[in-house]
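Asks: 3D, please:
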Amino acid sequence: MKKVLMILWKDLFKPFLDPRPFKEAKTLINNWYKLEFLCLVHKNNFKNINIEKKEINGIKVNYIYYNAWKLITIGVIKSFISRYNMFLKWINIINKYKPDIIHCHDAFTLKFWAYYKKRNFKIKLIYDSHEICTEMWQSKFESYYTKIFEKPYLKYIDILISANDSRIPIFKKIYPILENKKIYSLYNYPELKDFDFERIKKEYRNKINAKINDIVFLYQWWLSSWRWILNIIKAFENLKFDNWKFIINWWNNIQINNLKNYIKRNKENFVFTWYIDSTEVENYMLASDIWFVSLLNISLNNYWAAPNKLYEYMMTKNYIIWPNFEVLKDFILDNKIWNVVDFSSVNDIWKILDSIFKIWTNIIEESKNNGFRLYKDKYNWNVSEKKLLEIYKKGF
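Replies: Below you'll find the model as predicted:
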């Protein structure tokens, strides 16, 4: 039985579950791999580093808590000491566990495990890159800083896992050394589930006082400017129709309150919910009719996004309004399951909304059912699970 150590620079379960590494871990455990998780969690204090070992949902998790960076001089010194001690504890854990495979989920942990592999070539190293880290929305300094962590250490990896096919050529262009590496794509499809659609829809629509004929829209995740949430609100305020509810779901109270103050018209139609656990989030998804996935084309990472949420919306029978990026435009329109819009234009968003209210008939319902069938047949974790096991079997 091969031993796998998965590494994540955050808590796997808080503030909410990170589904990709969780599903990967469960897949490997259920298929005769011995697996433990190492989560590196920062704390804003200077107490001694603690190690906690827990078993959560069948996964053994080692937590190492370390001190966050501080700008004051003494804070920087203590942070360096903290991180050095953290590294020693990593080495202690890995020496005791003796893994055959290290599966790294972050660019910033890659350097440590590449350093370890340099001295122990028997260990296999997987870099599971959820993002194109150097091409995210960030300053030039941050991008350069990220390259310092990625570029020198990629020569030590055995396998690179990309979140989708579209990003693989980008990785190779940024890092030519990857031309000689094994690279696979692994899509973060949702697990196959059965829902009591009618019961949940009725219960949660009652919670938000939605009437029978109301169209329920849903937006969740970041309330930042590059998500175009203010443009969406403006478009709703310009609508002549009033048979709608717009659920805005997030966990930051300050951002929510700022957004509430921005709304001037139809305030009763906007519903703010707290982003709690994954089950509660799914229930609001099931209660909704239409989801917004609003992204700004400000980086290659955004443009070549791995659309995890897209497949979750298919799972919950939602009609999707998606940004007009070429990478997914054909997929969306060819399958006749959603529509695309330029989220930088309030007028374009308004036109889409206006047309939805005018043609809300079997056409929309058919699109939602098309998406659900595609989820059941092609875009679920059973497909990704087979791919992950194939990567582990053929990759080494």
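Asks: From now on I want contacts and neighbour counts done on CA atoms only, so please keep to that.
Replies: OK.
Asks: so what's the backbone phi/psi at residue 120?
Replies: With angles defined as degrees, to the nearest 10, residue 120 sits at phi -150, psi 80.
Asks: right, I mislabeled it, should have said residue 153
Replies: Here is the backbone geometry of residue 153 (degrees, to the nearest 10): phi -100, psi -10.
Asks: Check residue 26 too.
Replies: phi -60, psi -40.
Asks: which residue ranges form the strands in this structure?
Replies: Assigned by DSSP state E, the strands in the chain fall at 3-8, 34-43, 51-56, 59-67, 101-104, 124-129, 159-162, 182-185, 215-220, 244-250, 270-274, 290-292, 319-323, 338-341.
Asks: how about low-confidence regions in the stretch 51-200 of the chain?
Replies: Low-confidence segments of the stretch 51-200 of the chain, defined by pLDDT under 70, span residues 51, 67-83, 133-149.
Asks: any idea where the helices of it begin and end?
Replies: Secondary structure of the stretch 51-200 of the chain (DSSP state H, counting those that start in this stretch): helices located at 73-97, 107-118, 140-150, 168-174, 197-207.
Asks: and residue 381, which of the strands of the chain is closest to it?
Replies: strand 182-185 (13.6 Å; CA to CA).
Asks: Give me the contacts around the closest one.
Replies: 158-165, 168, 391, 395 (CA atoms under 8 Å, 6 or more residues apart in numbering).
Asks: Generate CSV for the residues you listed, with neighbour count and distance to residue 340 as supplementary columns.
Replies: Formatted as CSV, the contacts of strand 182-185 follow (neighbours: other CA atoms under 10 Å; distance: CA to CA, whole Å):
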residue, neighbour count, distance to residue 340
158, 18, 38
159, 22, 35
160, 23, 31
161, 22, 28
162, 22, 25
163, 24, 22
164, 19, 20
165, 16, 21
168, 18, 24
391, 18, 34
395, 15, 37
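Asks: Kindly reformat those residues as a markdown table containing distance to residue 239.
Replies: Below are the contacts of strand 182-185 laid out as a markdown table (distance: CA to CA, whole Å):
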| residue | distance to residue 239 |
| --- | --- |
| 158 | 54 |
| 159 | 50 |
| 160 | 47 |
| 161 | 44 |
| 162 | 41 |
| 163 | 37 |
| 164 | 37 |
| 165 | 39 |
| 168 | 42 |
| 391 | 50 |
| 395 | 54 |
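Asks: From those, pick the one nearest residue 373.
Replies: Closest to residue 373, out of all of the contacts of strand 182-185 and judged by CA to CA, is residue 164, at 21.0 Å.
Asks: Give the bridge partners for the residue nearest to the closest one when sequence neighbours are not counted, please.
Replies: Using CA to CA, 6 or more residues apart in numbering and skipping the chain neighbours, the partner closest in space to residue 164 is residue 185 (5.1 Å). Under DSSP bridges, the beta-bridge partners of residue 185 are residue 162.
Asks: tally of neighbours for residue 185?
Replies: 20 (other CA atoms under 10 Å).
Asks: how near is it to residue 159?
Replies: According to CA to CA, to the nearest Å, residue 185 and residue 159 sit 11 Å apart.
Asks: swap in residue 127?
Replies: 6 Å.
Asks: now the strands of the chain as CSV including distance to residue 308?
Replies: As requested, the strands of the chain are exported to CSV (distance: least, CA to CA, whole Å):
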stretch, distance to residue 308
strand 3-8, 19
strand 34-43, 22
strand 51-56, 24
strand 59-67, 23
strand 101-104, 20
strand 124-129, 14
strand 159-162, 13
strand 182-185, 13
strand 215-220, 13
strand 244-250, 17
strand 270-274, 21
strand 290-292, 13
strand 319-323, 13
strand 338-341, 15
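Asks: Would you map out the domains in this protein?
Replies: Under the assignment automatic domain parsing, the domains of the chain span 3-189+380-394, 197-377.
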